[in-house]
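K.L.:
Below is the sequence, then the predicted model.
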Amino acid sequence: MCGIVGGVGPSILAAEVFEGLKRLEYRGYDSAGLALIGTGGVEVIRTACGRHSLDDLKGRIDELTPGASLVIGHTRWATHGAPTLENAHPHTDCTGRVVLVHNGIVDNFRELRAEVVSHGHELKSATDSEVIAHLIEEELAAGMEPAAALGSVFSRLSGHMALVAAFAQFPGSIFGIRRTSPLLVAEGDGRSFFASDAPAILDVATSFYEMPEERVIAIGKLANGAAGVSTLTPLAIDWASQDVELVGHQSFYEMELSQEAGAFLDTVSSLIDEGGGAVVDELKVDPYELKRLRKVTVVGCGTSYHAGLVGRFLIEHFAKVPVEVDVASEYRYRDPILDDDALVVGVSQSGESLDTITAVKGAAAAGARTLAVTNVIGSQLSRLSDTVLYTRAGPEVSVASTKTHLSQIGALALFAIYLGELKGHIYPEEAREARNSLRKVAAAIEVALERKRGYEEKLAPFVGTDRFFFIGRNLQYPVALEGALKLKELSYLAAEAYPAGELKHGPIAMLDSEAVVVALVPRDRLREKVLANIEEVRARGARVIVVAFDGDDEAATLAEAALFVPEVRPIWSPLVTVVPLQVMAGAVARSRGLNLDRPRNLAKTVTVE
Ligand code: M6R
């Protein structure tokens with residue numbers, strides 16, 4: 001999705017804003033640009049070289065006059081108009097004195113475009129964003145101050161978006177406003193910044209602030225009609241600049257995969273006290289309200305949705321509360337039956353997925369209590385929910401999530417245990433024991449990660465295959481879904497996931513000797529059933545890989561390759577069985593010569609519908 005970085009103050013360098021854009025590269029983009037206000041007015045450079053746009057932009061920074069005190073930058077992920085030079089941001093008005101960058105979609109842009117065209121404006125791009133610059137131009141021409149003009153135009157735009165604008169007559173201020181889409185404010189070393197997310201500016205900013213909605217904020221010099229940084233709520237972001245640097249690995253995907261045992265441990269440790277009790281101060285919902293919950297709904301997208309599917313088993317197991325799980329983009333258009341005995345849990349690594357945000361907002365409006373499980377402090381989801389459980393996975397740069405997935409499951413598990421304890425379904429002693437056993441799973445995850453090379457060797461004969469099926473039952477079905485999603489995202493291969501018992505109801509027709517079936521078969525109460533399903537698969541000639549607990553020779557004899565993971569309690573098994581599948585996705589993608597950090601067509605944070 002589009003990324004925004006803007007900086008103002010003495011000695012701000014286009015190169016610094018560029019570095020911020022570089023750190024937003026992971027969000028996905030296809031063109032990029034920078035603008036500054038120098039002594040001669042607004043200067044803009046833009047480039048549309050697909051994934052190489054930032055490399056190209058870097059080589060052109062010298063075209064900008066040095067010594068400006070205001071620079072804004074943008075990475076564009078095309079929505080309205082192809083990824084061409086004309087459509088790349090920043091955009092300007094007819095006078096060239098208004099310059100802006102935009103993330104999101106102007107839903108009513110057609111009528112607004114027709115309006116500015118009918119007023120004689122010459123539009124140079126096909127974007128919805130440029131229309132905004134011309135609307136602001138009209139307000140300025142009518143005598144409005146920049147902040148008022150921006151606010152007035154923004155109120156006419158429908159849709160979710162963040163906007164950052166600068167004006168030639170105000171070279172000391174940048175103005176921002178947003179609705180739902182991410183944008184934060186930061187300061188450091190006498191300079192002020194706007195950015196789509198914190199990792200972009202970790203090396204230049206020391207203090208971070210929440211950006212309110214629907215309010216024009218000016219950074220740099222105070223401006224008439226705009227609130228300044230002093231009115232904003234600080235954000236306690238404790239990530240360090242080195243957390244987003246690629247060290248010792250070929251890709252962020254592999255680096256973050258290698259960090260997942262630590263991320264999981266940090267998350268669960270932050271939610272367990274020294275005596276094995278729950279740390280509930282994070283969970284700011286009245287325990288009595290939780291106690292009378294009669295229904296939990298978990299919503300999320302992609303990998304977060306899969307964590308939610310695991311969460312369903314955990315909550316039903318420990319707390320005996322009925323749980324439904326839905327894809328956020330579906331849930332938001334349902335008519336769910338909710339009241340204040342219902343809790344809706346939004347799971348989102350970024351806390352900025354628009355689908356999840358709107359699903360949770362809708363649930364709150366229908367009367368439900370809401371809980372966010374997110375990795376990003378101060379994210380939209382964390383702010384709009386009644387309460388938050390933060391995962392402590394550190395920043396996740398890779399588009400394909402790994403370490404946050406395990407951390408989400410860890411947070412949901414601890415919530416499930418706490419709820420079970422509150423509702424009297426488990427004794428405090430059992431709850432303590434369950435928490436401690438969960439914490440110990442980190443060691444098993446680490447062992448599985450140490451086997452990465454071994455998994456890759458066993459997977460080598462399969463990397464040329466282009467048809468994969470993942471099967472598992474109960475807790476392993478979400479793992480199968482996650483394995484298939486990782487492979488799709490990174491390798492672009494056809495990968496399907498099914499509950500193992502469902503194969504015979506149709507999908508088995510697709511199996512032949514060209515197909516590879518990955519069967520998840522940990523030692524649990526359904527193991528025998530899955531072994532029988534593997535026999536069915538073998539009888540159709542398909543090649544089989546099993547993911548099994550150490551020492552399960554019986555499962556191994558049914559397969560061409562066995563990926564063993566350390567044995568943990570069946571209830572925690574998704575935390576370890578997913579590891580070989582994450583390794584597999586990386587290995588297959590690499591064997592196909594693909595860049596693990598730049599999967600095609602994908603964005604890290606999906607802030608459009
Ligand atoms: O930030 P979120 O957790 O809300 O993101 C949800 C999905 O977009 C995300 O999990 C996506 O499926 C990833 N690329 C998975 O690897």
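P.N.:
It's in.

K.L.:
Where does the residue in the stretch 451-600 of the chain positioned nearest to the ligand sit, in terms of helix or strand?
P.N.:
In the stretch 451-600 of the chain, the residue that lies nearest the ligand is E489 (5.5 Å; CB to the nearest ligand atom). Any C-beta I mention is one placed from the backbone N, CA and C, and that applies to glycine too. Secondary structure assignment for E489, by DSSP states H and E: helix 476-491.

K.L.:
Can you name the element that comes right after that helix?
P.N.:
Of the helices and strands lying after helix 476-491 in sequence (DSSP H and E), the nearest is strand 494-499.

K.L.:
who does whatever helix or strand comes next after that next one pair up with?
P.N.:
Toward the C-terminus, strand 494-499 is succeeded by strand 516-520 as the next helix or strand (DSSP H and E). The pairing partners recorded for strand 516-520 under DSSP bridges are strand 467-472 (parallel), strand 543-549 (parallel).

K.L.:
export those strands to TSV and tack on distance to the ligand, mean pLDDT and mean neighbour count?
P.N.:
As requested, the strands paired with strand 516-520 are exported to TSV (distance: least, CB to the nearest ligand atom, whole Å; pLDDT from 0 to 100; neighbours: other CB atoms under 10 Å):
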stretch	distance to the ligand	mean pLDDT	mean neighbour count
strand 467-472	15	96	25
strand 543-549	19	98	25
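
K.L.:
In TSV: those strands, plus distance to V344.
P.N.:
As requested, the strands paired with strand 516-520 are exported to TSV (distance: least, CB to CB, whole Å):
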stretch	distance to V344
strand 467-472	26
strand 543-549	32
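
K.L.:
isn't the residue of the stretch 451-600 of the chain closest to the ligand right up against N601?
P.N.:
No - assessed by CB atoms under 8 Å, E489 is found out of contact with N601, at 9.6 Å.

K.L.:
Which one's more surrounded, these two?
P.N.:
Using other CB atoms under 10 Å, the more surrounded residue of E489 and N601 is E489, with 23 against 9.

K.L.:
how near is the more buried one to M1?
P.N.:
According to CB to CB, to the nearest Å, E489 stands 16 Å off from M1.

K.L.:
Repeat that for R110.
P.N.:
22 Å.

K.L.:
Compare the two and say which one has the larger neighbour count.
P.N.:
The neighbour count for R110 versus M1, taken as other CB under 10 Å, is higher for M1 (25 against 12).

K.L.:
contacting residues for the more buried one?
P.N.:
27-28, 77, 103, 603-608 (CB atoms under 8 Å, 6 or more residues apart in numbering).

K.L.:
report the angle between the axes of the helix holding E489 and strand 543-549?
P.N.:
120 degrees (axes from the mean of the first three to the mean of the last three CA atoms, to 10 degrees).

K.L.:
Would you mind pulling up the elements that helix 476-491 packs against?
P.N.:
Contact partners of helix 476-491 among helices and strands, from 3 or more CB pairs under 8 Å, 6 or more residues apart in numbering; DSSP states H and E: helix 302-319, strand 467-472, strand 494-499, strand 516-520, helix 574-591.

K.L.:
so where's the protein shaky on pLDDT?
P.N.:
The model of the chain has pLDDT under 70 over residues 282.

K.L.:
and the closest residue to the ligand within it, what does it touch?
P.N.:
Residue nearest to the ligand within the chain (CB to the nearest ligand atom): G302, separated by 1.8 Å. Residues near G302 by CB under 8 Å, 6+ apart: 401, 485.

K.L.:
What's the separation between it and M144?
P.N.:
Taking CB to CB, one finds G302 at 42 Å from M144.

K.L.:
cool, G59 as well?
P.N.:
G59 is 39 Å from M144, by CB to CB.

K.L.:
out of the two, which sits in the busier spot?
P.N.:
Higher neighbour count among G59 and M144: M144, with 17 against 10, using other CB under 10 Å.

K.L.:
which one is the spatially most central residue of the chain nearest to, not counting chain neighbours?
P.N.:
The residue lying closest to the centre of the chain (CA atoms, centre = their mean) is S350, at 3.8 Å. Sequence neighbours aside, T605 is the residue nearest to S350 in space, at 4.4 Å (criterion: CB to CB, 6 or more residues apart in numbering).

K.L.:
part of a strand, is that neighbour?
P.N.:
No - secondary structure of T605 (DSSP: H, G, I helix; E, B strand; the rest coil): coil, not part of a strand.

K.L.:
check contacts around Y498.
P.N.:
469-471, 477, 480, 507.

K.L.:
Next, format those residues as JSON lines and append distance to L581.
P.N.:
Formatted as JSON lines, the contacts of Y498 follow (distance: CB to CB, whole Å):
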{"residue": "F469", "distance to L581": "12"}
{"residue": "F470", "distance to L581": "7"}
{"residue": "I471", "distance to L581": "12"}
{"residue": "Y477", "distance to L581": "13"}
{"residue": "A480", "distance to L581": "8"}
{"residue": "P507", "distance to L581": "18"}
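
K.L.:
Would you map out the domains in this protein?
P.N.:
3-244, 252-448, 452-591 (automatic domain parsing).

K.L.:
coming back round to it: for the residue of the stretch 451-600 of the chain closest to the ligand, give me its contacts.
P.N.:
399-400, 585, 599, 602.

K.L.:
Next one: it from R178, what distance?
P.N.:
28 Å.

K.L.:
same check, this time on T577
P.N.:
40 Å.

K.L.:
Ok, A585 next?
P.N.:
34 Å.

K.L.:
I figured V345 was touching A368, is that so?
P.N.:
No - counting by CB under 8 Å, V345 does not reach A368; the two are 10.0 Å apart.

K.L.:
Looking at the two, which has the bigger crowd around it?
P.N.:
Neighbours around V345 and A368, counted as other CB under 10 Å, are more numerous at V345. The numbers are 28 against 25.

K.L.:
what angle separates the helix or strand the more buried one falls within from helix 302-319?
P.N.:
In the assignment (DSSP H and E), V345 maps to strand 342-348. The directions of strand 342-348 and helix 302-319 differ by 140 degrees, with the same axes, to 10 degrees as the criterion.

K.L.:
contacting residues around strand 342-348?
P.N.:
290, 293-301, 304-305, 307-308, 311, 328, 338, 356-357, 359-360, 363-364, 367-374, 379, 381, 385, 408, 412, 415.

K.L.:
Nothing else from me, thank you.
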